[in-house]
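Participant: One predicted model, sequence on top.
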Amino acid sequence: MITLDNISHRIGKQQILHDITLSLPSGQVIALIGPNGAGKSTLFSVMARLQPLQSGQVSFDEHDIVSCHARTLSKTVAMLGQDNHVQGRLRVHELLMFGRYPYHQGQPTANDQQKVNEIIERFELELLADRFLSTLSGGQRQRVLIAMIVCQDTPYLLLDEPLNNLDMYHAGRLMRELRELSQSQHKTVVIVLHDINQAAQFADTVVMMKTGQVMATGCPTDVITQETIKELYDVDVTVLNHQGRPVIIDTI
């Protein structure tokens, strides 16, 4: 379980997060949604230790992110932010092996290589495995970075806007893989999304954020409604039901 207790955050004189308290269950895909400036990425960055925790407490199971040893936390939580600048002349399979570093500490084993090969196959990267990162398109690079995070094989995955640069096929493929990981391996995936329909289709729990606060939390059918979308984004939509999940259509 992820526990957030009274999380507030300020940038300069501006209050970005206001006393956020949440308990997020394990083994689920959890989507953070909300308009620009809602505080989603700030909350993500605090959970991922990309920004220092100014107040409150964040824990992954029994691991407090402030007091937990870095190596232990690296085997507990893997994260991918929006700004990812990988330096050096690396091939795809070498970058994925880097995701295994918390385990091999610079001396990869046969088990590490097996894990890399599994992820290459799982994410359909066979044709890219020997290519240098500098030769990849934006979408290909994004897929590889996500695969590297999955290679870390942690019980918790934090992903900020991972669908950026992905086409329809690969966006849907990624969301299905993340859902499969949560179901078959009991991994907890926290994902910041702007595509509400992706959240509605694949998330088990949706956290709606606005002006640095949590507006609603629950399963998609409970929280994604015409009324909540209007309150969240100030737009009129029609919410349909398809196979037990909401589908949002803009009202023309």
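Facilitator: Thanks, I have it.
Participant: What about V223, how many residues nearby?
Facilitator: The number of residues packed near V223 is 22, by other C-beta atoms under 10 Å. Any C-beta I mention is one placed from the backbone N, CA and C, and that applies to glycine too.
Participant: Also S23?
Facilitator: S23 - counted by other C-beta under 10 Å - has 10 other residues nearby.
Participant: what bridges to it?
Facilitator: Beta-bridge pairing for S23 (DSSP bridges): T3.
Participant: Hmm, it is touching I2, no?
Facilitator: Yes: between S23 and I2 there is a contact under C-beta atoms under 8 Å: 7.4 Å.
Participant: Skipping its backbone neighbours, what lies nearest R49 in space?
Facilitator: Spatially, and ignoring its direct neighbours in sequence, R49 is nearest to I65 (5.6 Å; C-beta to C-beta, 6 or more residues apart in numbering).
Participant: how far away is that neighbour from K75?
Facilitator: Going from I65 to K75 by C-beta to C-beta, to the nearest Å gives 14 Å.
Participant: what is in contact with S23 and I2 at once?
Facilitator: Both S23 and I2 lack any common contact, where contact means C-beta atoms under 8 Å, 6 or more residues apart in numbering.
Participant: neighbouring contacts of the helix or strand bottoming out on mean pLDDT in the chain?
Facilitator: Using mean pLDDT, DSSP states H and E, the weakest-scoring helix or strand in the chain turns out to be helix 101-104, at a mean of 83. For helix 101-104, contacts defined as C-beta under 8 Å, 6+ apart pick out R71, S74, K75, M97, D112, Q152, D153.
Participant: So which bits of that helix are buried?
Facilitator: Residues P102, Y103 are the ones in helix 101-104 that count as buried (16 or more other C-beta atoms under 10 Å).
Participant: after that helix, next one along is what?
Facilitator: Sequence order places helix 110-122 as the next helix or strand after helix 101-104, per DSSP states H and E.
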